[in-house]
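Asks: coordinates only, sequence not included:
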Ligand SMILES: [Mg+2]
């Protein structure tokens, strides 16, 4: 498989794969010039925020790691894996292990343990974490948001799926690099990577809540919060690069656009709010346009 072509898609999250900030500040509704109930958008956004924070705190150590002690945000979950000695954590008491500054090797190991637990919970999915009542609330909120945004969430998911597919009989396999990819008889493989400006733990929870976890594996979620998008892009290039790897970045912001230019990667701007004349693009159509541009940039069959 020396000639196997690898396509790595580097996605922005907010206002690209999901909508949150633009719901909360009303800019999403504004783009529809009175056709959307802005207050409803704000309320939907606040409900998402509440769930993201609650799940981050209750199950993913967010309060303990990033708020109580001091900011221990890392750019990706594997960042401290060399400090993890593999200890069985089934009876480990995360409330009593004395995790605190300074960031010496012992505390890095304690943080690495937390990252291991987070990774395992991500792999298991929210249905193994939430009770039925919470599952129902989440399901209803997802559907309401998808309706309010004319299918933004489901269209984004479909696009991620299409990026991973591109073959008739996909088999999911784990690469050495750790990403979930699909390979096919023609020898090409496709990898979705997320680079978000949010901090790592809530971003992983967002992936779970917005149902992206089976399309983007936990190793492929990067937080540019402390390091910037260009640094994340450079790490991704080092991790996946060989002569047959092609990269493509998709987002809505200047930072990923400039970082992609610096890397000499094609950049595709999310165009869902772009207006053609007076006709606002239907979200489904706009995601199809993104897909077409990806295919063109990477010379894939449409
Ligand atoms: Mg964005």
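Replies: Looks like it came in fine. As the structure is a computational prediction, the values presented were derived from the model and not from experiment.
Asks: ramachandran coordinates for the residue in the stretch 51-200 of the chain that the ion sits nearest to?
Replies: Of all residues in the stretch 51-200 of the chain, the one sitting closest to the ion is residue 197 (7.3 Å; C-beta to the ion). Every residue, glycine included, has its C-beta placed from N, CA and C. The phi and psi torsions at residue 197 (degrees, to the nearest 10) take the values phi -80, psi -10.
Asks: leaving out chain neighbours, which residue sits closest to it?
Replies: Closest residue in space to residue 197, ignoring its immediate chain neighbours: residue 224 at 5.2 Å, by C-beta to C-beta, 6 or more residues apart in numbering.
Asks: residue 231 too?
Replies: Going by C-beta to C-beta, 6+ apart, residue 231 has residue 224 as its nearest residue, at 7.1 Å.
Asks: right, and that neighbour touches residue 193 too?
Replies: No - with contacts counted by C-beta atoms under 8 Å, residue 224 stays clear of residue 193, the gap being 12.0 Å.
Asks: any common contacting residues for those two?
Replies: Common neighbours of residue 224 and residue 193, counting by C-beta atoms under 8 Å, 6 or more residues apart in numbering, are absent.
Asks: so after the lengthiest strand in the chain, what's the next helix or strand?
Replies: Criterion DSSP state E: the longest strand present in the chain is strand 188-196. Sequence-wise, the next helix or strand downstream of strand 188-196 (DSSP states H and E) is helix 200-209.
Asks: so which elements touch the helix or strand following that next one?
Replies: Later in the chain than helix 200-209, the nearest helix or strand by DSSP H and E is strand 221-223. Applying 3 or more C-beta pairs under 8 Å, 6 or more residues apart in numbering; DSSP states H and E, we find strand 221-223 packed against strand 188-196, helix 200-209, helix 229-240.
Asks: TSV for these, including mean neighbour count and mean pLDDT?
Replies: Shown next, in TSV, are the helices and strands packed on strand 221-223 (neighbours: other C-beta atoms under 10 Å; pLDDT from 0 to 100):
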stretch	mean neighbour count	mean pLDDT
strand 188-196	25	94
helix 200-209	25	97
helix 229-240	19	97
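Asks: to residue 286, which of these lies closest?
Replies: strand 188-196 (18.7 Å; C-beta to C-beta).
Asks: how about residue 125, what does it touch?
Replies: Residues near residue 125 by C-beta under 8 Å, 6+ apart: 208, 213-214.
Asks: with residue 268 instead?
Replies: Counting by C-beta under 8 Å, 6+ apart, residue 268 has contacts 248-250, 290, 293-294, 297.
Asks: and those residues near the ion, which?
Replies: Of the residues in these, proximity to the ion by C-beta under 5 Å from the ion holds for none.
Asks: okay, these in JSON lines with secondary structure next?
Replies: Putting those into JSON lines (DSSP: H, G, I helix; E, B strand; the rest coil) gives the following:
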{"residue": "248", "secondary structure": "strand"}
{"residue": "249", "secondary structure": "strand"}
{"residue": "250", "secondary structure": "strand"}
{"residue": "290", "secondary structure": "helix"}
{"residue": "293", "secondary structure": "helix"}
{"residue": "294", "secondary structure": "helix"}
{"residue": "297", "secondary structure": "helix"}
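Asks: just name the closest of those to residue 54, please.
Replies: residue 250 (29.4 Å).
Asks: where does the spatially closest residue to the closest one that is not a sequence neighbour sit: helix, strand or coil?
Replies: Distances taken as C-beta to C-beta, 6+ apart place residue 268 nearest to residue 250, at 4.6 Å, with adjacent residues excluded. Look at residue 268: counting by three-state DSSP, its state is strand.
Asks: just checking, residue 73 touches residue 199?
Replies: Yes - with contact defined as C-beta under 8 Å, residue 73 reaches residue 199; the gap is 4.5 Å.
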